[in-house]
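Participant: can you look at this prediction? I've put the sequence above it.
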Protein chains: 2
Amino acid sequence: MALIVQKYGGTSVASPKHIENVAKKVIAMRNQGHQMVVVVSAMSGETNRLLALAKEISPRPRPREVDVILATGEQVTIGLLAIALEAQGCPAQSYTGEQVRILTDSAYGKARILDIDAVRLRRDLSDGRVIVVAGFQGVDADGNITTLGRGGSDTTGVALAAALGADECQIYTDVDGVYTTDPRVVPQARRLDRVTYEEMLEMASLGAKVLQIRSVEFASKYSVPLRVLSSFEDGPGTLITSEDENMEQALISGIAFNRDEAKLTVLGVPDQPGVASRILGPVADANIEVDMIVQNVAEDATTDFTFTVHRNDYEKAFEILQRLAKGLGAREVVGDRKIVKVSLVGVGMRSHAGIASKMFRSLADEGINIRMISTSEIKISVVIDEKYLELGVRALHSAFGLDAA
Amino acid sequence: MALIVQKYGGTSVASPKHIENVAKKVIAMRNQGHQMVVVVSAMSGETNRLLALAKEISPRPRPREVDVILATGEQVTIGLLAIALEAQGCPAQSYTGEQVRILTDSAYGKARILDIDAVRLRRDLSDGRVIVVAGFQGVDADGNITTLGRGGSDTTGVALAAALGADECQIYTDVDGVYTTDPRVVPQARRLDRVTYEEMLEMASLGAKVLQIRSVEFASKYSVPLRVLSSFEDGPGTLITSEDENMEQALISGIAFNRDEAKLTVLGVPDQPGVASRILGPVADANIEVDMIVQNVAEDATTDFTFTVHRNDYEKAFEILQRLAKGLGAREVVGDRKIVKVSLVGVGMRSHAGIASKMFRSLADEGINIRMISTSEIKISVVIDEKYLELGVRALHSAFGLDAA
């Protein structure tokens, strides 16, 4: 007998009919002899509807009260799922975040889980009940309702699995697993049977948005095996765990890409200590998030400083750099908003220096010029012109043997 | 400086616009120097929408889970009203029933308030905040969410007023006060400036449904002055308090009536101890509520036993009596579903025996036959044929000097 935590997102609980189907899936798993904890999101569209009501009253509603309002979305779903389970003959009990109690800090709208009291849940589990918990929400030390931010239901699932020592945390979504790359770009993309936490983190943050990145960090920290599955079709999904001996030794697990980037370069900056922070400080102060940063070795006592931002922030960042340029003694500011980032991800690359050269050669063979390069232990990212995105991803997918047989 | 509790029902908070208007009213009262606690219902239609979702999954959903779902209706409203107050520059804080904490028993769907912890509310009040509390809901000793049943927001308002020792509890509705009778039947009906708790209880239970009867009982028990006002127009409303020396000495405060009754009579029942309970026991077992009960003195060792029920229960009650009649040795069962009940209510009648005869004469003058009579300390009720309802109520309204000048 295992203890399984399942999490169903908004599209999986979009209507009473959907919720009845979720109940069926939960009961099928329970009938295999498992203890079940189920975390649910708000019915799809509900969070946006509630937020719109608040914004109709005030463009900047007080975050504490927004959380009071948004938390009702999941509260409705837990009641409905518990009713559906009981209607199908399965004893169930619903819990809000406060009732569990999922203790968080007081950062309304983006609270972090500090502690979970599992005593009451354990008692209900040993009574044979299915536990249904509202995702995305908690309560602070003063009893105020908090929410974890969008996608926070995944984090609730993983945190509960960690607190209860669950055998697996299953995240049900509208895709049937994690793919080697986006199948809309590469029809030959394969579903991965297993992937490591680190790979998943690199892929999620790079745009293959199957799971919330915080939930993967959480799962990694507490070694909770995480499985991504489809709510709508049967299948084994993708298991996300620590690297182990038996793991299939692919060099590359997947190819992530991000269409939403733009790059900016400050040319001819004096190569002095503190220059990078004098450039990025004002950018960060304007709440612009910076992704890749590249600075090459200096020539003639000057250097070029390049970074990428979200495409929506391009104009604002460009203006900031224009203002800074003179004070820095820089020659010129240039930029390009028609670029994309493509990344190879794989724990196997740690020990294989040849991967980068193979990557660059594959792109060159297709006539694709590389604008920027940056690397980490398990990832190589390049920036290329937007028009080459599909061509580049397909070439790499094939070159690294990821195409489905 | 007074402490005022205000309660706004579903039609008063039906949309963000309505909620902004409620905020204006609250702030206007606060600007007069009062401390304010505001209790709100779910936006109109919301409770029915949520209940329909639950019923779509199960015709008989588990009551605990129904309460989890329904409680979200008020939770949305408190957040929205707090946002509206802050947007208009007024510091505010929302509270769910659990957060207050409004402790109830565990009778889901019709829970009763056992205790209110006013410590946190008092602290916020002395900080100058307007307190916004979700009506209709509480929490039991095990932390389960409960609801007080339909109209329970009135009870929440009165209970909070009692716990905080408020100077007045103001119930905002879609009518501007309590009337001498239904203005749709008698256009000359007058708004009452004051009425006693007892009169209000008799009028509410008899069909003039302005306030939930439980909230009036509560107000009476804890001597909370209660005021009924309109959310949509200005005016003093009707104040409901204990009887006092200065109260205007009207004999009759109002005329209530009920169109939904039907009467049943068991004729020729042996006049023996225990017969009444042998008749009413099976009726009660079938969950049929009985209103008036009349049994006259016996003649020839037999008597006639008559009672009224809700018109919807008439057929079921008739069948039960038919089955019972033989065992009771009764002669016959007869009934009439086309009857109505009309009641005079007034604390003044305690000391005026002449009221009954004046009432009966007024009806006789219009050719209206009286089918049943029953009386209490401050009420005389008669059953008459349905077709005479309007005629009878108007005649009594005029005879007792209730018509507007």
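Facilitator: Okay, I see it.

Participant: quick one: the strands in the stretch 1-150 of chain A?
Facilitator: A:3-8, A:35-40, A:92-95, A:102-104, A:113-116, A:130-134, A:137-139, A:145-147 (DSSP state E, counting those that start in this stretch).

Participant: closest to A:E243 out of these?
Facilitator: strand A:3-8 (22.5 Å; Cβ to Cβ). No exception for glycine: its C-beta is placed from N, CA and C like everyone else's.

Participant: need the contact partners of the one helix or strand in chain A whose mean pLDDT sits lowest.
Facilitator: Among the helices and strands of chain A, helix A:197-205 carries the lowest confidence by mean pLDDT, DSSP states H and E, at a mean of 84. With contacts defined as Cβ atoms under 8 Å, 6 or more residues apart in numbering or on different chains, helix A:197-205 is touched by A:178, A:195, A:210-213, A:216-217, A:219-220, A:226, A:240-243, A:253-254, A:256, A:343, A:345-347, A:376-379.

Participant: please repeat the previous calculation with a cut-off of 6 Å.
Facilitator: The contact list for helix A:197-205 (Cβ atoms under 6 Å, 6 or more residues apart in numbering or on different chains) reads A:211, A:213, A:216, A:220, A:240, A:253-254, A:256, A:345, A:347, A:378-379.

Participant: now the strands of the stretch 1-150 of chain A in CSV, with distance to chain B and mean pLDDT?
Facilitator: What follows is the strands of the stretch 1-150 of chain A, written out as CSV (distance: least, Cβ to the nearest Cβ, whole Å; pLDDT from 0 to 100):
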stretch, distance to chain B, mean pLDDT
strand A:3-8, 15, 97
strand A:35-40, 12, 98
strand A:92-95, 5, 97
strand A:102-104, 13, 96
strand A:113-116, 15, 94
strand A:130-134, 9, 98
strand A:137-139, 9, 97
strand A:145-147, 8, 97
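
Participant: tell me which of the ones you listed sits nearest to A:F318.
Facilitator: Taking Cβ to Cβ, strand A:145-147 is the member of the strands of the stretch 1-150 of chain A nearest to A:F318, at 34.5 Å.

Participant: helices or strands up against that closest one?
Facilitator: Secondary-structure packing of strand A:145-147 (3 or more Cβ pairs under 6 Å, 6 or more residues apart in numbering or on different chains; DSSP states H and E): helix A:63-87.

Participant: try 8 Å this time
Facilitator: Counting contacts by 3 or more Cβ pairs under 8 Å, 6 or more residues apart in numbering or on different chains; DSSP states H and E, strand A:145-147 packs against helix A:63-87, helix A:97-100, strand A:137-139.

Participant: can you add mean neighbour count and give the ones you listed back as JSON lines?
Facilitator: Below are those laid out as JSON lines (neighbours: other Cβ atoms under 10 Å in any protein chain shown):
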{"stretch": "helix A:63-87", "mean neighbour count": "27"}
{"stretch": "helix A:97-100", "mean neighbour count": "26"}
{"stretch": "strand A:137-139", "mean neighbour count": "27"}
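
Participant: would CSV of these with distance to B:M1 be doable?
Facilitator: Output for these, formatted as CSV (distance: least, Cβ to Cβ, whole Å):
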stretch, distance to B:M1
helix A:63-87, 26
helix A:97-100, 34
strand A:137-139, 33
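
Participant: kindly export stretch A:374-387 (C-alpha atoms) in CSV.
Facilitator: The C-alpha trace of stretch A:374-387 is given here as CSV (Å, rounded to 0.1, in the frame of the first residue of the first chain):
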residue,chain,number,x,y,z
SER,A,374,25.9,30.8,-22.4
THR,A,375,26.4,27.5,-20.5
SER,A,376,25.7,25.9,-17.2
GLU,A,377,26.5,22.4,-15.8
ILE,A,378,23.6,20.7,-17.6
LYS,A,379,22.6,23.3,-20.2
ILE,A,380,23.9,25.1,-23.3
SER,A,381,21.9,28.0,-24.5
VAL,A,382,22.3,30.0,-27.7
VAL,A,383,20.6,33.0,-29.0
ILE,A,384,19.7,32.9,-32.7
ASP,A,385,17.6,35.0,-35.1
GLU,A,386,13.9,34.4,-34.6
LYS,A,387,13.3,33.2,-38.1
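
Participant: count the neighbours of A:N296 for me.
Facilitator: A:N296 is flanked by 10 other residues according to other Cβ atoms under 10 Å in any protein chain shown.
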